[in-house]
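S.K.: Need coordinates for the following:
(chains A and B)
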Amino acid sequence: MGIIIAVISGKGGVGKTTTTANIGLGIALNGKKCVVVDFDIGQRNLDMILGLENRVVYDMVQVMDGEVKLKQALIKSKMSDNLQFLAASQTKDKSVLDSQKILNLVTELSKEFDFVILDAPAGIETGYEHTIEFADRAIIVVNPEVSSIRDADRAIGILDSKSQKVKDGGEVMKYLIINRIDAKMVQSGEMLASEDILAILSIPLIGKIPEDKGIIDASNQGKPIILDNSSLAGKAYSRISARLCGQEVPLENVEVLKSGLMSKIKGIFK
Amino acid sequence: MKVLEVTLDDEKEFINFFDKNYVFFKHHLISIIGEVNENIHKYLQEKELIYIVNTVLPKSQKSSLKKEVQVIQEEKTIEKKEQIKEVKDNLRVIDTLVRSGQELNISGDLLLLNRVNSGASINIKGNLIVTQIVEGSIRCYGNFMMLKASPKANIIFHDVEVENIHLTNKLNRVELKNNEIIITPVLKETNWG
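M.R.: Below you'll find the model as predicted:
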């Protein structure tokens, strides 16, 4: 049985979908079979970020309703043979979801794949509750700002009370990703430091991702940033994917500015 | 005030009864129906019991003597049990953090060994001790509460907002004395283990 991971955040726009795409691809590049599922019904984005926009024929809702077979709806990624994608319905809304149908779908997926990654919708409504319902683990994505932290805190609270694993007496393993860290702003004290975020949320950290302007372009082109070896964010995603696959990768401090020759020269004249 | 109603038929029986059950009724008002002779007057005065004779008291139920004793004895045992239960149930110890959106409504006391995050709320009728920082809201109606300095918290103690300026220390004791809220710093560094 594969591992079901829900990627959640509470607040929108913190980088859930980007994280899902990059980690999914990262796990696939590590040689594990991985499927990413877009649970944001009615507002699908993951297909675009993975560059599979024009290949979506059938969606998740049609699979759940038994209109098509799972194999017909799964889309193979161009970037890795190990990665497949299941699209959300763009025409329906979140009310079509139903616990039993979701259980059937994720069970079927977890039989075939090592990792099943679910991209949760923003907010804490039914769409979110259904995403976390059968998850074994959860990745919580936050930005270093108070509103994102509070929303994530709320989302974790719901995760800890409404997921099936908790109802059965277990616990959903949680990992924290701090996204869009601006080293300059952290050092000047404008941004929350990682230690403060960890103290508030008290869940283990799995990685920090620096702010990277390249992500916007990568998303627009449908090529996840993890493929870009020169990008700091891409490297951070590779490290996180390796950690999820069970490798020991030391945490890199992305909050310290790397002082190059130019900045040293500039420093002299300051 | 508790009242014991006694019908007096036989002097000996009456005195016998009070000899046996004096402990139960020493703080009761004893209402005697029947003729009270001098012996009984003396006896009751000796025992320092308060009593009235042949007075009609407003009462919903008249119960016989034996029943009353039984009920009182039962009451006593129940009270004892409740006391033990209260001691057990009254204090809750929570060591997980209270997350945003969570609401704790507690009628007893609470010892919270973790933080209260922004957006969480605690309503408590008893006493409260929080050993870590509070960023959510607290409504406490107990005799006292102990808190760390919490600049982001919204703390209300007996419907009065406790301003954060006053919570300057590592640990503060907030209590209600003669309708005044008194905040005393706990100077010793507390080791919670």
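
S.K.: in what helix or strand does B:Met146 lie?
M.R.: Of the helices and strands defined by DSSP states H and E, B:Met146 is found in strand B:144-147.

S.K.: my bad, should have said A:Lys174
M.R.: With DSSP H and E as criterion, A:Lys174 is part of strand A:173-181.

S.K.: Strands along the chain, start to end?
M.R.: Picking chain A for this. Under the criterion DSSP state E, strands of chain A are mapped to A:3-8, A:34-38, A:75-76, A:83-86, A:115-119, A:137-142, A:173-181, A:205-210.

S.K.: ah, no, chain B please
M.R.: Taking DSSP E to define them, one finds strands in chain B at B:3-7, B:29-33, B:50-53, B:91-94, B:103-106, B:109-112, B:121-124, B:128-130, B:137-140, B:144-147, B:154-157, B:160-162, B:172-177, B:180-185.

S.K.: Columns mean neighbour count on top of these, output as JSON lines?
M.R.: For every residue, glycine as well, the C-beta is placed using N, CA and C. Formatted as JSON lines, the entries for the strands of chain B read as follows, by neighbours: other Cβ atoms under 10 Å in any protein chain shown:
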{"stretch": "strand B:3-7", "mean neighbour count": "16"}
{"stretch": "strand B:29-33", "mean neighbour count": "18"}
{"stretch": "strand B:50-53", "mean neighbour count": "14"}
{"stretch": "strand B:91-94", "mean neighbour count": "14"}
{"stretch": "strand B:103-106", "mean neighbour count": "14"}
{"stretch": "strand B:109-112", "mean neighbour count": "21"}
{"stretch": "strand B:121-124", "mean neighbour count": "19"}
{"stretch": "strand B:128-130", "mean neighbour count": "24"}
{"stretch": "strand B:137-140", "mean neighbour count": "21"}
{"stretch": "strand B:144-147", "mean neighbour count": "22"}
{"stretch": "strand B:154-157", "mean neighbour count": "19"}
{"stretch": "strand B:160-162", "mean neighbour count": "15"}
{"stretch": "strand B:172-177", "mean neighbour count": "16"}
{"stretch": "strand B:180-185", "mean neighbour count": "12"}
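
S.K.: Could you pull out the buried residues of the strand holding A:Lys174?
M.R.: Along strand A:173-181, these residues count as buried under the neighbour rule (16 or more other Cβ atoms under 10 Å in any protein chain shown): A:Lys174, A:Tyr175, A:Leu176, A:Ile177, A:Ile178, A:Asn179, A:Arg180, A:Ile181.

S.K.: Please pull out the lowest mean pLDDT helix or strand from chain B.
M.R.: Ranked by mean pLDDT, DSSP states H and E, the helix or strand of chain B with the weakest confidence is helix B:65-90, at a mean of 61.

S.K.: can you give me the offset of the top helix by length along chain A from its chain's centre?
M.R.: Longest helix in chain A by number of residues, with DSSP state H as the criterion: helix A:146-162. For helix A:146-162, the gap between its own C-alpha mean and the chain's C-alpha mean amounts to 16 Å (Cα atoms, centre = their mean, to the nearest Å).

S.K.: Identify the residues contacting A:Phe85.
M.R.: For A:Phe85, the residues meeting the contact criterion (Cβ atoms under 8 Å, 6 or more residues apart in numbering or on different chains) are A:24, A:35-38, A:46-47, A:50, A:52, A:74-77.

S.K.: Could you pull up the contacting residues of the closest residue to it other than its chain neighbours?
M.R.: What sits nearest to A:Phe85 in space, not counting adjacent residues and going by Cβ to Cβ, 6 or more residues apart in numbering or on different chains, is A:Ile75, at 4.6 Å. By Cβ under 8 Å, 6+ apart, A:Ile75 lies in contact with A:Asp47, A:Leu52, A:Arg55, A:Val56, A:Gln84, A:Phe85, A:Leu86, A:Ala87.

S.K.: Pretty sure A:Gln221 sits against A:Ile49.
M.R.: No: the pair A:Gln221 and A:Ile49 does not pass the contact test of Cβ atoms under 8 Å, sitting 9.6 Å apart.

S.K.: quick one: low-confidence parts of chain A?
M.R.: Within chain A, the segments meeting pLDDT under 70 span A:257-270.

S.K.: For it, just list every one of the helices.
M.R.: When secondary structure is read from DSSP H, chain A shows helices at A:16-29, A:46-49, A:60-64, A:70-73, A:99-112, A:126-133, A:146-162, A:164-167, A:183-187, A:194-201, A:214-221, A:232-244, A:261-269.

S.K.: Tell me which of the ones you listed sits nearest to A:Asp93.
M.R.: helix A:126-133 (8.7 Å; Cβ to Cβ).
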